[in-house]
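Undergrad: pasting the structure only:
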């Protein structure tokens, strides 16, 4: 482990008082700089909660978190991470350009600096022509690209993504996977990526963390040694299938308590 | 450009046809059935009185319109301010909201004679008060609902930027509430006219529209009463349209107001 630690979780436990649900129990996890880590598991395994704990949007009941060597709160206040949700969460009253500029406004950047950065980001996600459009005039995939541009605009070291492509159709999703990978290669961010999809997790990640539900625990980890840069053909290699199978079996072995609809997710 | 004009005309045409047919039927039936003047005057009679009495009708309408406008402004501003305060303090909101909703169901207009007693019954202030109270509750309740309907995800996103409560209020809650506020203002614009005119039925200045309609009806001058109602309708529609236009300008970003 020569690279610097970006996120470190030690014995993180989260209990929600309502219904006394233990969403997370004793999570230990360390991410080093430039890693792309996917969290995968059935509904209720606490993967979204884990992401929010890292982002200081949910406070853990017990355990220690450090982000860039600071407390999670300090990291949030310093703008150390960008977040992308399942829905794009754009502001209808702002144009595409102004949506991307929002975090920059919050950080107190002046107008000229904001304009220049927004232009760069629009180029990066190939939406320059749509700068003055309103979010509802864009397709779902384009909206999600705006959300990603917004999350990357202030160059956070860490990108938190909560099922960002969950609402997209399969073809758009695969294209967005490729776009995300090329962005990641350009920016060198550390990424935590929550997903339901085994193939998406394997395709994108350097490491897949498999979680099991009730209470949410880490069931195992799989290092993804697929060569980079990954392309559409990567999905057709034998190694890809082996890794997908490995992740699936880890999910199955811990899935004895799954509900039928959760079983369906694993198929 | 021409296409837009044509499309707009196309949208209005059905309503215009219905209006012309209804007025035509009214005129025709009143003539054919020899309906008594005091039951229902002919549209042509109403329009001609509307013209001959224009020097007394319009000033009366304007007088009442000013009362309605004053009440609308006072009630709406008070409603928005109250909602902002209540929305800011959750506990106050929980305690007051059920009371406001109950108060919303009270027939405020029943208080009109009381307001007459509180203020000088001849003065425009008692009518303004009725209009203001009528406007207050819908504006207050809707604004509060708007301020509270911000998306939890948007707020979470703002928190990820370490935004303060005020920044979240300004950048998320206020813009989210605007469509609610304008819906309420449109309702209030109609209520304000009703409040002012009904207030005047209980007494007011001689040159007020409600007094004029009431007096005319009392002395069987129904044609002039109807002409007064026509003025009231024109002014009511004008106020509503002004609010709707402001809405279109302020909510340019909204897919609803763009209509596309």
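TA: Cool, got the structure. Since we're looking at a predicted model, the values are computed, not measured. Residues are numbered from 1 along each chain as shown, chains lettered A, B, ... in the order given.
Undergrad: hey, where'd the strands end up in chain A?
TA: Counting by DSSP state E, chain A has strands at residues A:5-16, A:21-32, A:36-40, A:62-67, A:70-71, A:81-84, A:158-162, A:190-195, A:207-212, A:217-223.
Undergrad: tell me which of those strands sits most buried.
TA: Comparing these by mean neighbour count (mean count of other CB atoms under 10 Å in any protein chain shown), strand A:81-84 ranks first with a mean of 27. The way it works is simple: take the backbone N, C-alpha and C, and place the C-beta from them, glycine included.
Undergrad: what lines up beside that strand in the sheet?
TA: With DSSP bridges as the criterion, the sheet partners recorded for strand A:81-84 are strand A:158-162 (parallel).
Undergrad: switch the strands of chain A over to JSON lines; also include distance to residue B:229 and mean pLDDT.
TA: Formatted as JSON lines, the strands of chain A follow (distance: least, CB to CB, whole Å; pLDDT from 0 to 100):
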{"stretch": "strand A:5-16", "distance to residue B:229": "61", "mean pLDDT": "89"}
{"stretch": "strand A:21-32", "distance to residue B:229": "63", "mean pLDDT": "88"}
{"stretch": "strand A:36-40", "distance to residue B:229": "68", "mean pLDDT": "94"}
{"stretch": "strand A:62-67", "distance to residue B:229": "69", "mean pLDDT": "91"}
{"stretch": "strand A:70-71", "distance to residue B:229": "69", "mean pLDDT": "90"}
{"stretch": "strand A:81-84", "distance to residue B:229": "58", "mean pLDDT": "90"}
{"stretch": "strand A:158-162", "distance to residue B:229": "59", "mean pLDDT": "92"}
{"stretch": "strand A:190-195", "distance to residue B:229": "63", "mean pLDDT": "94"}
{"stretch": "strand A:207-212", "distance to residue B:229": "70", "mean pLDDT": "92"}
{"stretch": "strand A:217-223", "distance to residue B:229": "74", "mean pLDDT": "90"}
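Undergrad: any idea which of these gets closest to residue B:236?
TA: Using CB to CB as the measure, strand A:81-84 is the one of these that comes nearest residue B:236, at 48.6 Å.
Undergrad: can you pull the domain assignment for chain A?
TA: A:5-80+A:157-266, A:91-155 (automatic domain parsing).
Undergrad: of those domains, which shows the lowest average pLDDT?
TA: Summarising mean pLDDT across the domains of chain A, the least confident stretch is domain A:5-80+A:157-266, with a mean of 86.
Undergrad: near chain A, which residues of chain B are found?
TA: By CB under 8 Å from any CB of the partner chain, the residues of chain B that approach chain A are B:151, B:153-154, B:156-163, B:167, B:171-172, B:175, B:178, B:253-255.
Undergrad: from residue A:200, how far off is the most centrally placed residue in chain A?
TA: Averaging the C-alpha coordinates of chain A gives a centre point, and the residue nearest to it by CA atoms, centre = their mean is residue A:161 (2.2 Å). If you measure residue A:161 against residue A:200 using CB to CB, to the nearest Å, the figure is 11 Å.
Undergrad: before we move on, what about residue A:172?
TA: 12 Å.
Undergrad: same thing with residue A:183?
TA: 15 Å.
Undergrad: out of the two, which sits in the busier spot?
TA: Counting neighbours by other CB atoms under 10 Å in any protein chain shown for residue A:183 and for residue A:200 shows that residue A:200 has the greater number, 21 against 18.
Undergrad: show me how chain B divides into domains.
TA: Using automatic domain parsing, the domain parsing of chain B gives B:1-35, B:42-258.
Undergrad: flag every buried residue along the first one.
TA: So that's domain B:1-35. B:26, B:30 (16 or more other CB atoms under 10 Å in any protein chain shown).
Undergrad: and that domain, average pLDDT?
TA: When pLDDT is averaged along domain B:1-35, the result is 86.
Undergrad: likewise stretch B:118-131?
TA: For stretch B:118-131, the mean confidence score works out to 86.
Undergrad: next, the buried residues of that stretch.
TA: Across stretch B:118-131, burial judged by 16+ other CB under 10 Å covers B:119, B:121, B:124-131.
Undergrad: identify all contacting residues around that stretch.
TA: The contact list for stretch B:118-131, computed with CB atoms under 8 Å, 6 or more residues apart in numbering or on different chains, reads B:63-64, B:66-68, B:70-72, B:74-75, B:108-109, B:111-112, B:115-116, B:191-193, B:195-196, B:198-200, B:202-205, B:208, B:210.
Undergrad: before we move on, the earlier item: between residue A:172 and residue A:200, what contacts are shared?
TA: Overlap between the neighbourhoods of residue A:172 and residue A:200 consists of residue A:165, taking contacts as CB under 8 Å, 6+ apart.
Undergrad: so what's residue B:149 up against?
TA: Taking CB under 8 Å, 6+ apart as the definition of contact, the neighbours of residue B:149 are B:176-177, B:180.
Undergrad: repeat the analysis, applying 6 Å as the threshold.
TA: The contact partners of residue B:149, by CB atoms under 6 Å, 6 or more residues apart in numbering or on different chains, come to residue B:176.
Undergrad: ok so residue B:38 is a helix residue?
TA: No. With DSSP: H, G, I helix; E, B strand; the rest coil as the criterion, residue B:38 is assigned coil and is not in a helix.
Undergrad: I'd guessed it sits against residue B:221; true?
TA: No. Counting by CB atoms under 6 Å, residue B:38 does not reach residue B:221; the two are 9.1 Å apart.
Undergrad: buried members of the residues of chain B next to chain A into PyMOL, please.
TA: The following PyMOL command selects only the buried members of the residues of chain B next to chain A, with burial defined by 16+ other CB under 10 Å:
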select buried, chain B and resi 154+156+157+158+159+160+161+162+163+171+172+175+178+253+254
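Undergrad: excluding sequence neighbours, find me the nearest residue to residue 187.
TA: Since you didn't name a chain, this refers to chain A. Taking CB to CB, 6 or more residues apart in numbering or on different chains as the measure, residue A:187 lies nearest to residue A:152, with 6.4 Å between them; neighbours along the chain are not counted.
Undergrad: try again with chain B
TA: Nearest residue to residue B:187 in three dimensions, chain neighbours excluded: residue B:138, at 5.0 Å (CB to CB, 6+ apart).
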